[in-house]
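Peer 1: fold the following and give me the result.
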Amino acid sequence: MKQRFFAILLMALVGLLFSGPAARANQDAAKDSAPQAASSASDTKAGGYVGSEACKGCHVEEYKSWENSPHWKTSLNTRDGAAHQGCEACHGPGASHIADPTDASKLFLFEKASAKDVTKQCLTCHAGGKEHMNALNSVHTENGVSCTSCHSPHHATTKEFLLLKSQPELCYTCHLAKKAEFAMPFHHRVNEGLIQCSDCHNVHGTVGPKQVRTASTQDATCFKCHIDKQGPFVYEHAPIKTDGCQSCHLVHGGPNAHMLKVSNVNLLCLQCHTTSSFSSAPGAPSFHNQASFFQSCVLCHSSIHGSNFNSFFFK
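Peer 2: As a prediction, this is how the structure comes out:
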C-alpha cells in the first residue's frame, strides 16, 4: 500500500511540475493569436485594405519606383483613410489578392481597363481644378487615350507630371503631322524648348475645338505671348475677333514668313478684300496696282492687327 501511495504522490508532483509551463505556453499562444484575429477583423472593417508594405514583398520594382515618385506622398495621407493611401489608392483593397496571389479580380488593373475607366480612376484624386474638369469628355478620352497613355506612376521618365516622355516627343507619338509642321522654316519654337504643346493646348480637354486653351477673358491663347496684338483697339481688324489669328496664320509652322498661309501678302488680303467676296470687307481700290508697287498691303497698312488712330490701319 505504501508503495502505491508513493507512486500516486510522485505522479501528482510530476503533473504539477509540468502543468505550469504548459499553461503559460497556452496563454502565450492565445496572446499571439489575438492580434492576428484583431488584425483580420480590422482588415474587414477597413474594407480589405492591407497597406502598401504588404505589396512590397512581391512587387519590389513597382514599389521602388512608386516610393521615389510624387505619388508616394499618398502613403502619408491619413486624413482620408486607407482608400487614399499608397498602392491601394489606385488599385483598390488588396486583402483578397494577399490571401490568394493568383486572384487579382478585385484589383483595378490599369492595363486591362478601358480608357474611360482609367481616367475615372485617376480623377478620384485629380478631379479638382480647371485643368481636369473636361477630362472625361476630352478628344483624347473619346479616341481611346487614357491618363496612362501619357503618364506612368511606375515607369515615368520625367519627375514633373510623371510623363512617359518629355514634350514634345510625347505628343509626337501620335501627332506626327505636327512634328513635320514644327520642322518648317518658320515655326513656333517648340522643338527648341521655348514653348510646349501644353502651353497652347489643354491636353485634358476643353469645351472648345482642338483642346485649345483660352485666357481668363476667353480670348485666344495666342495673346498670352503676342500681347501687343490683343488690343482693345479703336479700329479693329474684324478677322481677329471673328475667325481668330488662324484666319491668316498657320499656328504650328509653315514655309512663309510670319507663318502666313500664302507667300504673297496681297494674295492673303484679297481673299477677303475683293468686290466679288461675301466677307463684307471693302474691295481694293482701283489705283492699287497689284502687279507692281502694291504687292504687299502691309507696306502702308502696317498696323494690320488694329489701330487706335486710323480706320485703314495706316502707321
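Peer 1: packing partners for the host helix or strand of Leu123?
Peer 2: Following DSSP states H and E, one finds Leu123 within helix 115-126. Secondary-structure packing of helix 115-126 (3 or more C-beta pairs under 8 Å, 6 or more residues apart in numbering; DSSP states H and E): helix 139-142. Placement of C-beta: from N, CA and C, glycine included.
Peer 1: can you map out the helices along the stretch 151-300 of the chain?
Peer 2: 169-172, 176-181, 197-200, 238-242, 265-269 (DSSP state H, counting those that start in this stretch).
Peer 1: worst average pLDDT in the ones you listed?
Peer 2: Of all the helices of the stretch 151-300 of the chain, the minimum mean pLDDT falls on helix 238-242 (a mean of 84).
Peer 1: what comes into contact with it?
Peer 2: Lys229, Ser247, Cys248, Cys272, Ala281, His305, Gly306 (C-beta atoms under 8 Å, 6 or more residues apart in numbering).
Peer 1: who wins for most neighbours among those?
Peer 2: Cys248 (22 neighbours; other C-beta atoms under 10 Å).
Peer 1: show me what contacts it?
Peer 2: Counted by C-beta under 8 Å, 6+ apart, Cys248 has contacts Pro239, Leu260, Lys261, Leu268.
Peer 1: pLDDT score for it?
Peer 2: pLDDT, Cys248: 93.
Peer 1: how about the one 3 residues further on?
Peer 2: With respect to pLDDT, Val251 scores 93.
Peer 1: show me what contacts it?
Peer 2: His188, Cys200, Cys245, Met259.
Peer 1: redo the residues you listed as TSV? Include distance to Phe233.
Peer 2: As requested, those are arranged in TSV below (distance: C-beta to C-beta, whole Å):
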residue	distance to Phe233
His188	24
Cys200	23
Cys245	15
Met259	22
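Peer 1: which of those has the weakest pLDDT?
Peer 2: Pick the lowest pLDDT in the contacts of Val251 and you get Cys245, at 89.
Peer 1: before we move on, the earlier item: can you redo the contacts of Val251 as TSV with neighbour count?
Peer 2: Compiled in TSV, the contacts of Val251 are given as follows (neighbours: other C-beta atoms under 10 Å):
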residue	neighbour count
His188	20
Cys200	20
Cys245	18
Met259	21
